[in-house]
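**Student:** Just a sequence and a predicted model for now, questions to come.
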Amino acid sequence: MPGSPTARRRRLSFELKRLREQSGLTCAQVGTALDWSGSKVNRMETGSGRVQPSDIDALCRFYDTGDELREFLKSLARQAKVRGWWQTHGAGVPEWFNIYIGLEQGASTFRQYQCELVPGLMQSEAYAGELHRSGGHMSAQDIVRAVRVRMERQAMLRQPDGPDAWFIVNEGALRHVIGDRSVMRDQLDRVLEAVELPSVTLQVLPFDAGTYPATGPFTMLGFPAPEDPDLVYRDGITDAVYLEGEHHVREYTRAFDGLRAAALSPQRSARLIETIRKEYTS
């Protein structure tokens, strides 16, 4: 199965929950039948507990699944234990953000709205460094690690099997000077390079766009397997929210479509970015 360990763990959780729900049993009932606690079954279904291949064997015997599904689930359980490349950078990546990166690396579609900052997948090293230093709580070494992770994440946009990525950026994010004018000039060069990639589309939401359906930045991730539902991601200073229900995904999709309609076309957006870049050279 393609994707990151985090995406595989998520898929495994969905499959285990689906099997239990098909059986018409609760987590407590399954746990009692297998001489486990109900909370262990719940942890396996929510991805908060490690699932051993032996656990998969026991569950598949209980649910009376076929050999092919059992081996697939055992493969997911083994692959979910692998550490992602981003998890080797220590405090440079907060634990709560590790989850998002893992999901991002397994996504096949990527939709993001940014209203204050240039999208992370388009940021230059200097711009990203200024953002991380602004918090005042990271050591110099952790800032270097955090910036390195951000740069490595951007490789997904250049890969042949990378996600179809669509960005909508508020004009204010392009005019908000981070660092100095030189940093911003180089940053907009980076954006203009990114939009030349075949998998990337960018639209700018201009100041005169009027009202539009959004109250803050958000990201929507889609996955290659139809069994893996789309999700919406919103983050804060110390944590993140993942919205996976059909209602949430539908409403955020509607909001993103509204933003696309209000924003400039990709061609006009590129011309506006070039105009703003020239302002930073004067």
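**Tutor:** Arrived safely.
**Student:** Just list the residues touching S23, thanks.
**Tutor:** Going by CB atoms under 8 Å, 6 or more residues apart in numbering, S23 touches 30, 63. No exception for glycine: its C-beta is placed from N, CA and C like everyone else's.
**Student:** how close does it get to L202?
**Tutor:** Using CB to CB, to the nearest Å, we find S23 at a distance of 47 Å from L202.
**Student:** For the most centrally placed residue in the chain, which non-adjacent residue is spatially closest?
**Tutor:** Residue closest to the mean C-alpha point of the chain, counted by CA atoms, centre = their mean, is E104 at 3.5 Å. Distances taken as CB to CB, 6 or more residues apart in numbering put L221 closest to E104, at 6.5 Å, once the chain neighbours are dropped.
**Student:** ditto for I99
**Tutor:** Using CB to CB, 6+ apart, the nearest residue to I99 is T6, at 6.1 Å.
**Student:** same check, this time on E125
**Tutor:** Closest residue to E125 apart from its sequence neighbours, by CB to CB, 6+ apart: V147 at 5.7 Å.
**Student:** So the residue nearest to I99 sits against S13, correct?
**Tutor:** No. Contact between T6 and S13 fails when scored by CB atoms under 8 Å: they sit 10.8 Å apart.
**Student:** what sits against the residue nearest to E125?
**Tutor:** 125, 128-129, 132.
**Student:** Likewise for E130?
**Tutor:** 178-179, 183.
**Student:** ditto for C115
**Tutor:** Contacts for C115 (CB under 8 Å, 6+ apart) come out as 169-170, 172-173, 205, 214, 216-217.
**Student:** So which of those is surrounded by the most neighbours?
**Tutor:** V169 (25 neighbours; other CB atoms under 10 Å).
**Student:** Which pLDDT value belongs to the closest residue to it other than its chain neighbours?
**Tutor:** Spatial nearest neighbour of V169, excluding adjacent residues (CB to CB, 6+ apart): Q114 at 5.1 Å. Q114 is assigned 96 on the pLDDT scale.
**Student:** is it true that Q114 touches F218?
**Tutor:** No. Using CB under 8 Å, Q114 is not in contact with F218, being 9.1 Å away.
**Student:** one step back: from the contacts of V147, which two are the most distant?
**Tutor:** The span of these, defined through CB to CB, is set by E125 and H132 at 10.6 Å.
**Student:** Pull out the buried residues from stretch 171-179.
**Tutor:** Neighbour-count burial for stretch 171-179, with 16 or more other CB atoms under 10 Å as criterion, is recorded at 171, 173-174, 178-179.
**Student:** now, which of the residues you listed lie within helices?
**Tutor:** Per DSSP state H, helices hold the following members of the buried residues of stretch 171-179: 171, 173-174.
**Student:** Mind putting those into TSV with distance to Q141?
**Tutor:** TSV is the format used below for those (distance: CB to CB, whole Å):
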residue	distance to Q141
E171	35
A173	28
L174	31
